Every structure is written in structure tokens, then in C-alpha cells.
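Enquirer: Any chance you can model this:
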Amino acid sequence: MNGVDTAVLLISHGSSLSYSKKVFEEICEKFKKRTGLDAEVGYMKVEDPDIFQATQILRKRNPDLKRIIALPVFLADGIHTLIDIPMMLGFEPKEIDPRHPDGIYPESHYLHDLKPVNFDGEIILLDSIGPNPKLVDIINKRVEEALNTSNKDDAKTGVLILSHGSRLRYNKEFLMALFEQYENQAKYPSNYGFMELSEPNIPDSANLLIKRDNLERLVVIPVFIAPGMHTKIDIKAILNLIHENEKKNRSKPKNNNIKEIKINKIILEEDPDHAHKYDETVDFEGEILYPDPIGADDILIEILEDMVKKVL
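Expert: Numbering: from 1, shown residues only. Predicted coordinates for the structure are as follows:
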């Protein structure tokens, strides 16, 4: 790509766990290597550099910088991509904020007294990734990786695809569109669900799939970019993959790439304020395989490259 006067700002939410930052640093390095463009990760909150700081880093590295392509590395639109990120970049929000419809934020809110980026060149804000067909390739890859760790041969298998859920409609629309693409080519019976805020929830969607197809093995695919509190704690707790006794009697996969975590210990050490109540959990006597999220997968880097190419 020809981008002497162009740089890319890869925007992430940020996480209280270290896993997410490591993944986004890898995404950034792979992106720069693949495209030849300068790039920096800017975090909405929690992590540094924040969006303002990341743009300053890009300017300092290239005094001739005239254009920044801001790419939210978010799978679906939501409050962050439609309201928070545009405002942080100096644009008007794309929708009225349901949290504060009057646009007035309390002092405790991260949008209060916002300091937008300082850049006199052009900023192009791209959309979120959306239900890109290449994401189905990643899902298929994760399913096969998970099955390679299974202790069961020829077990009746199903696939459950999960997303976070949102107050707005976009996350659900994203997952439903992605699931439709996946289901059209899937080898195994499948279903989708949400961690919170949207329906169906994880227990309902999992139990329906398990009973409907008499499953002995369930592969659960977290459609998240990077590991964080939701994938490491919340979803695993809902799936009954972690609890106080560390599931001592549970059989381990052949390739033990899924770390079992003591839920009480990690909540206290990593995020004392993290509190989710799990009213329902998945009750399944079969095997549950739970591979890593998308991460810095080469296919994701291709998707990001394609998105940037369209505006170069």
C-alpha cells in the first residue's frame, strides 16, 4: 500500500486484564508488516495509550502525516463505535446516547470534559468490522482446533456461537447475520446466544441445542476479538467451566491450551470491582470445548487490510 502521509489508528476498548493488550499489540505488528502502513493502537479506556495519545504518537513518528484512518477493531456497532469513538475523535455522535440523551455527562463519566484528538489533517473514521464472510473461516478454524483437543471420538457434536449482547440492536443483528452464514455451511448442528443484554442467553441457546440434537460434545465459540473478563470469567462461569473446586475430576483435553481458573481468585486479583450475577448456567454432562477468541488471527488481519484499502 502507498501511505507515506497516511497512518492507521487501530481502536480497541481496553481491558483490565493483560491478555487484551498483548493481542492488540500483535494485531498492530501484523497489520503494519502486511500493509506497510504505520499504525498504532489507541484504547478507549483502561489502557494506554488512549486515543488522544495514540494520535500524538503517530504524528511524532511522521511529521508529514496528513491523514489518519481510524479503524475501530470492534466486531459490531454499538454505543462505543456510534457515540464514544466519534466524540473522542472530534466528530458528532452518530446516534443519541441512550445513557445520557441530553448529551450531558456526569464528572465520573469518561466522556465528561472530553479532550478530542489534536490533528489538523484528515481523519477518516471507518465502520466496525461487521459480519464479514471471512469471520466464518475463523470460526471453522476454531472449531477444528477445539475438536483436536477432545478426548471423545465420534461424539455427537454441536457448535454454539456467542457474542456479548448490547443495549442497541446492532450486536444482535451482527451475530444473527454471521450465524446465518455459518449455519449455511456448517458440518455440525449449531445455535447462537448472548452473554447479556440480548436474547437468547447462553443457557437457553445451549440447552436447546443439546436437547434438540442429543449432543455428547459442545464446541463453544466466543466471537470476541481478544480475551478479557467476559471470555476468561463470565462465559466460562455460565458454561460451568470454572468453580471453587477447579473441576478436579473433569477430564482434560489432550492439548491443554485452555487454562482452568479459580473464579474467586482471579476476580479478586484482576478486577475487584467486576461483578456479574449468573442466574442461570449450562447444565451438561457431556464435553464442552471452549477455544480462544479470534485474537491476532491472520484472517482478521486480512479483513482489516481490506477495510483500509477501500479508503486509500
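Enquirer: For the nearest residue to Leu175 once chain neighbours are set aside, list each beta-bridge partner.
Expert: Using Cβ to Cβ, 6 or more residues apart in numbering and skipping the chain neighbours, the partner closest in space to Leu175 is Ser163 (4.3 Å). Backbone N, C-alpha and C define where each C-beta goes, glycine included. With DSSP bridges as the criterion, Ser163 is bridged to Phe194.
Enquirer: where's Ser163 relative to Ala76, distance?
Expert: Applying Cβ to Cβ, to the nearest Å, the value for Ser163 to Ala76 is 7 Å.
Enquirer: what's the answer for Ile96, then?
Expert: Separation of Ile96 from Ala76 (Cβ to Cβ) stands at 19 Å.
Enquirer: between these two, which one's more packed in?
Expert: Ala76 (25 against 12; other Cβ atoms under 10 Å).
Enquirer: Check the secondary structure at the more buried one for me.
Expert: On the three-state scheme (DSSP: H, G, I helix; E, B strand; the rest coil), Ala76 is labelled coil.
Enquirer: What about the residue nearest to it when sequence neighbours are not counted, how many residues nearby?
Expert: The shortest distance from Ala76 to any non-neighbouring residue, by Cβ to Cβ, 6+ apart, is to Phe174 (3.5 Å). Phe174 has 23 neighbouring residues, counting by other Cβ under 10 Å.
Enquirer: How about the one 10 residues further on?
Expert: The local packing of Asn184 (other Cβ under 10 Å) involves 8 other residues.
Enquirer: For it, give me the pLDDT.
Expert: Note on Asn184: pLDDT of 98.
Enquirer: So which residues of the stretch 151-300 of the chain form helices?
Expert: Assigned by DSSP state H, counting those that start in this stretch, the stretch 151-300 of the chain shows helices spanning 170-185, 202-212, 229, 235-238, 263-270, 298-309.
Enquirer: Comparing those, which comes out most buried?
Expert: Ranked by mean neighbour count, these are led by helix 235-238 with a mean of 21 (mean count of other Cβ atoms under 10 Å).
Enquirer: Report the rounded mean pLDDT for that helix.
Expert: Here the average pLDDT along helix 235-238 is 96.
Enquirer: Now for the residue nearest to Leu175: which residues touch it?
Expert: Counting by Cβ atoms under 8 Å, 6 or more residues apart in numbering, Ser163 touches 75-76, 171-172, 174-175, 192, 194-195, 198, 223-224.
Enquirer: least trustworthy helix or strand in the chain by mean pLDDT?
Expert: Each helix and strand of the chain was given a mean pLDDT (mean pLDDT, DSSP states H and E); the minimum falls on helix 263-270 at a mean of 42.
Enquirer: and the next element down the chain from the longest helix seen in the chain?
Expert: Longest helix in the chain by number of residues (criterion: DSSP state H): helix 18-35. Using DSSP states H and E, the helix or strand that follows helix 18-35 in sequence is strand 38-43.
Enquirer: Next, the angle strand 38-43 makes with the following helix or strand past that next one.
Expert: Per DSSP H and E, the first helix or strand lying C-terminal to strand 38-43 is helix 51-61. For helix 51-61 against strand 38-43, the angle by axes from the mean of the first three to the mean of the last three Cα atoms, to 10 degrees is 160 degrees.
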